[in-house]
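**Q** Need a 3D model of the sequence below.
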Amino acid sequence: MPTPRIDAADRLAERIAAILKAAPDTAKATATVHDSAVASAARHGVALVTPPALTFPTAEEWSADWEVHLIAGPTGAMTQAWQKLDAMLDALEHSTLPITRATPATYQPATGGALSAYTLIIPS
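**A** Predicted coordinates for the structure are as follows:
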């Protein structure tokens, strides 16, 4: 059942996917709100949009700080994964997305080993 925040997450994922597809070094990367897609998509790079931190300035409005996880594989080949992450980060940094922070991280899918990642903060 869609909600305003799930709809906003879907729109952000679509926007990120379009930015990645337009850049030559990230044309095979994707973006999603579905964590089940991460393991198979990590070989090319994937941006996972997760539920945001919310602020409620008034009773009728909200604003969000989105956490977007840039994730890349393969497991056990950090330099190769890092190259994919850097290309994804460069494509997003040169877009109109208002990224305020990128923090190195790891992402543990349901199956397989941990993957290299960055966690981005993108305010709405």
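**Q** how about the residue lying farthest from the centre of the chain, phi and psi?
**A** Residue farthest from the centre of the chain, counting by Cα atoms, centre = their mean, is Ala59 at 29.1 Å. For Ala59, the backbone dihedrals are phi -70, psi -20 (criterion: degrees, to the nearest 10).
**Q** Would you point out the helix or strand in this protein whose mean pLDDT is lowest?
**A** helix 38-41 (a mean of 84; mean pLDDT, DSSP states H and E).
**Q** Other residues contacting it?
**A** Residues from elsewhere that reach helix 38-41, judged by Cβ atoms under 8 Å, 6 or more residues apart in numbering: 29-30, 32, 46, 48, 71, 107, 109-112, 115. Using the backbone N, CA and C atoms, a C-beta is placed for each residue, glycine as well.
**Q** from the residues you listed, which would you call buried?
**A** Buried subset of the contacts of helix 38-41 (neighbour count, 16 or more other Cβ atoms under 10 Å): 29-30, 32, 46, 48, 71, 107, 109, 115.
**Q** any idea which of those residues is the one closest to Pro123?
**A** Pro123 has its nearest neighbour among the buried ones among the contacts of helix 38-41 in Leu48, at 17.8 Å by Cβ to Cβ.
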